[in-house]
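In: pasting the structure only:
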């Protein structure tokens, strides 16, 4: 099995940046007179924030799992911690 670079991290970075500038995006849509044809609701921005939080957990978990010398005995604990973190994100609560 070969290691390959994953591209999910670029989605994470783009969504994170978009969420950070959400107020500027809203103002730009108004200034460009693109509202109401393009509207982002508060719920949609909250959804984006939930996705960013989940991807942050994935990022950190993968960084830990991919460390050199990371003992396989700890992988289950790491994955269990990952699942707990994902479940704690409001949008992803089952």
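Out: Okay, I see it. These figures come from a predicted structure and were not determined experimentally.

In: what's the spacing between residue 32 and residue 79?
Out: Here residue 32 is placed at a distance of 45 Å from residue 79 (CB to CB, to the nearest Å). In short, each C-beta sits where N, CA and C put it, glycine included.

In: Look at the residue most central in space within the chain and report its pLDDT.
Out: Closest to where the C-alpha atoms of the chain average out (CA atoms, centre = their mean) is residue 52, at 2.2 Å. Confidence at residue 52, expressed as pLDDT, is 92.

In: what do you get for residue 61?
Out: For residue 61, the pLDDT comes out at 84.

In: now residue 7
Out: Per-residue pLDDT puts residue 7 at 68.

In: Going toward the C-terminus from the strand or helix carrying the residue nearest to the centre of the chain, what's the next helix or strand?
Out: Assigned by DSSP states H and E, residue 52 falls within helix 42-65. As assigned by DSSP H and E, the chain's next helix or strand after helix 42-65 is helix 75-88.
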